[in-house]
Each structure stands twice: as structure tokens, then as C-alpha cells.
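[1] coordinates only, sequence not included:
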């Protein structure tokens, strides 16, 4: 009798261990799903930046930008490749990136807005390429404002003024 009782107890313990393992797997799956459902695009970009991920960004202008994600602002992200490129988040249609763990979905409130970033960059007079939906503007960034950029094309042509809302990306030539 004692052998039967021991065997029955072992079976019950094994069944309980199996049930606990199944519950733990289910809880883990549920937590991963919940984290995925709460993910934001800005949080995904921040997670890519945290691991120094090399990404590809496709824009509404049909242009692909490749590089290492270096910074994320409230309305832009920065890729470093052959040129430093700031991409307006509103201009991104697809992001190809490695699978990364969900980052905190904190908004990058400490970073400047794209207009502020470009206004601060203008005094350096960098060579830039503005990518718009249907056009490209090359030249020297002369000034930035709240909602406009001024670019001096090469060869002394008149300045080109571009509403910031029309900018999909701005690539800055390395100095």
C-alpha cells in the first residue's frame, strides 16, 4: 500500500509541476503580448537607439535612408551614415530594424523639436540636402525659423524657402 501511495503522490506532484510550468509560460506570453500592444513608434525608435541598431527608414518621398539610429526627438530621428540625416517622424512609412525589446514609452521631451534643431545648426552653414515629397533642395542651410528653412543653392541662385512641414528628411554633409 505504501508503494501505491508514494506513486500516487509522485503523480500528483508531477501533475502540479506541469500545471505550474504551463501557467508560467502563459503568463510570460501574456506579458510579452501586453508589452507589444503598448509599444509606440517613438518607443520602438528609442529602443533601436539604445542598442545602436543599424536601421533602414523608408519615407513618403520614396527614399530609403540607412544608418545607425543616433537620436530621437519629439518629431524627428537622426541616422548616421555617410551623411547625418534627420528624418521627420511624420515622413516615415516603414522602419526595418532588428527585433528589440520594448523600451519605455517616454516621449523624448528633453530633445529639441526639429525646427529648433535646424535653427541651432544654421549658423554653422552646413551643406544640406532637403528631401521633400516631390523635390530635393541642395545648398547651404542659411537660417531656420519656427516653420521655415532658408537654403542658399550653389552658384549664387536666389535663396530657396521651404516650409518645415514639407521636409521629409534633411541630410547634412559631414564637415
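    Great, that's in hand. What you are looking at is a predicted structure, and each value in this text was computed from that prediction instead of being measured.
[2] List the buried residues of stretch 64-81.
    65, 67, 69, 71, 72, 73, 75, 76, 77, 78, 79 (16 or more other CB atoms under 10 Å). (C-beta placed from N, C-alpha, C; glycine too.)
[3] If the first one is in a bridge, with which residues?
    What it means is residue 65. residue 57 (DSSP bridges).
[4] other SSEs contacting the longest helix along the chain?
    Ranked by number of residues, the top helix in the chain under DSSP state H is helix 2-37. Contacts defined by 3 or more CB pairs under 8 Å, 6 or more residues apart in numbering; DSSP states H and E place helix 2-37 against no helix or strand at all.
[5] downstream neighbour of it in the secondary structure list?
    helix 41-50 (DSSP states H and E).
[6] what packs against that following helix?
    strand 64-72, strand 92-96.
[7] at 6 Å what do you get?
    strand 64-72 (3 or more CB pairs under 6 Å, 6 or more residues apart in numbering; DSSP states H and E).
[8] Let me know the angle separating the helix or strand just after the strand it packs on from strand 92-96.
    Downstream of strand 64-72, the first helix or strand assigned by DSSP H and E is strand 76-80. Interaxial angle, strand 76-80 versus strand 92-96 (axes from the mean of the first three to the mean of the last three CA atoms, to 10 degrees): 50 degrees.
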